[in-house]
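Chemist: Build the 3D model from these lines:
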Amino acid sequence: MRRSFWVIVHRWVGLTMAGFLILVGLTGALLAFLPELNQWLSPRLFPGARASVARDAGALALRAEALAPEAQVQSVFFNGMGSATIRMEARPGASPLDFNQLFLDEGSGEELGRRSTKGLPDGASTILPFVYRLHYALALGEFGGWILGLVALAWTIDCFVGFYLTLPPQGGAHKRGFLQRWRPSWLVKSSASFYRINFDLHRAGGLWLWVALLVFAWSSVFMNLNGLYMSVTELLFDFERPIWAQPAPPSASDGREPLGWREAQAIGARLMDEQAKTKGFTVERQVALALEREEGRYRYSAHSSLDIGEKYGSTSVYFDAHGGELSSFAPPSGARTGNTLTAWLMELHMANVFGLPYRIFVCALGLAIAMLSVTGVYIWWKKRKARGFRKHGAATSASPEPTTAE
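Modeler: Residues are numbered from 1 along each chain as shown. This is a model prediction of the structure:
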């Protein structure tokens, strides 16, 4: 296809995505420092890491249900900021809750507070949950997630289109070599006009950040269009779909009462230790315990020597919520190439690797994504304005001169 065709594709895909990418870029820049911002905005809920020994997740789940008897626990998550985030829902037949998260001191079990992560912010503690929902789903739930999934897919494709358009045109007798002709695409001419500076920022910025942009675009496809992502990954790599992407067995939600939290804690810890001995890895600390009621299973997660991420952990065992039998072991690395690659994509997207320098880079990248979108819109607007002037000039020159009646 001719280069002009890809110019049109890049222009209109970019214009369609611009508003969405500005939003996700700016919110993503904030979320790179989510733990620190959580502690700044909600110091009572996130008091900060401390030396005290944390209670196990099962004990904290029972404590939460004792404090809020009208609710039942969905998951316990050690957030690394001195507290445990307990996700809760109303018990069957009970009135709706005015909160869905309860925070307990991870050592003493003291209640630190409650908040709802739904709706518009109603205080400092609910600002970041709203920013997070804006970032991954436009704060529109599943529908917004689908929209951003399609944007992420278009963004992934446009990464390759944009890269192609930076290459020097082929054909003709060129005295300079390819790299010499490509070199201007990597530079910003600061002494040029405002339009040219915008053009150079758009082109050079996209080139210098191309790998990072592709990583964030494709990992966003996994987050919002995971079926498509997994189908592509299965074609290219050795990949096993995670258990949450597989159909639940018919007996998953047959009305039976699940195992209690204390028993589930013991079974999860035992199964994780057994996997560690069998597979030869080290378990460092527990991260979460969750009851997936509709699927009829528990998930026990820990940070281990298999983890790629630094702050949290995604080494998980899934087991039957009624009998305790192991359903699946999900290591983040070391088993299948496609699964390891996916874990890397997610940790890079979540700024959970390479310490503070990488988190600063992710924050700057979010701002750069917004900049690339703004400069792209500005370039289109200036060219459109110039075309309008040319058409107006041509129409004026083609019109006969007005005559004066004598």
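
Chemist: Distance check, residue 169 against residue 207.
Modeler: As judged by CB to CB, to the nearest Å, residue 169 and residue 207 stand 16 Å apart. Every C-beta, even on glycine, is put in place using the N, C-alpha and C of the backbone.

Chemist: Name the residue in these two with the higher neighbour count.
Modeler: Between residue 169 and residue 207, counting by other CB atoms under 10 Å, residue 207 is the more crowded of the two (16 against 9).

Chemist: quick one: the helix or strand that contains the more buried one to chain centroid distance?
Modeler: Using DSSP states H and E, residue 207 maps to helix 194-208. How far helix 194-208 lies from its chain's middle: 26 Å, per CA atoms, centre = their mean, to the nearest Å.

Chemist: by contact count, what packs against it?
Modeler: If you count contacts as 3 or more CB pairs under 8 Å, 6 or more residues apart in numbering; DSSP states H and E, helix 194-208 packs onto helix 141-166, helix 355-398.

Chemist: Give the ranges of residues in the stretch 151-300 of the chain that sit below the confidence cut-off.
Modeler: 171-174, 250-255 (pLDDT under 70).

Chemist: Helices along that one, start to end?
Modeler: Counting by DSSP state H, counting those that start in this stretch, the stretch 151-300 of the chain has helices at residues 178-182, 194-208, 210-224, 226-236, 261-279.

Chemist: so the third one versus helix 194-208, what angle?
Modeler: Angular relation of helix 210-224 and helix 194-208 on a 0 to 180 degree scale: 70 degrees, by axes from the mean of the first three to the mean of the last three CA atoms, to 10 degrees.

Chemist: what is the orientation angle of helix 210-224 with helix 355-398?
Modeler: Using the same axes, to 10 degrees: helix 210-224 against helix 355-398 is 100 degrees.

Chemist: pull the longest strand from this protein.
Modeler: strand 283-292 (DSSP state E).

Chemist: Tell me how far residue 309 lies from residue 288.
Modeler: Taken as CB to CB, the span from residue 309 to residue 288 is 13 Å.

Chemist: Residue 74 belongs to a strand, doesn't it?
Modeler: Yes: according to DSSP: H, G, I helix; E, B strand; the rest coil, residue 74 belongs to a strand.

Chemist: Verify the stated contact: it with residue 89.
Modeler: Yes: Residue 74 is within contact range of residue 89, at 5.7 Å (criterion: CB atoms under 8 Å).

Chemist: other SSEs contacting the helix or strand containing residue 14?
Modeler: In this structure, residue 14 sits in helix 3-31 according to DSSP H and E. If contacts are counted by 3+ CB pairs under 8 Å, 6+ apart, helix 3-31 sits against helix 127-137, helix 141-166, helix 355-398.

Chemist: To residue 212, which of those lies closest?
Modeler: helix 355-398 (5.6 Å; CB to CB).

Chemist: model confidence over that closest one, on average?
Modeler: On average, the pLDDT along helix 355-398 is 87.

Chemist: Mind listing residues that contact stretch 119-132?
Modeler: Stretch 119-132 is contacted from outside by 27, 30-31, 34, 37-38, 41-42, 45, 113, 115-117, 139, using CB atoms under 8 Å, 6 or more residues apart in numbering.

Chemist: if we take those, which one ends up nearest to residue 281?
Modeler: residue 34 (27.2 Å).

Chemist: Next one, pLDDT for the closest one please.
Modeler: For residue 34, pLDDT reads 95.

Chemist: same thing with the one 10 residues further on?
Modeler: What the model reports for residue 44 is a pLDDT of 96.

Chemist: helix or strand for it, which one?
Modeler: Using DSSP H and E, residue 44 sits in no helix or strand.
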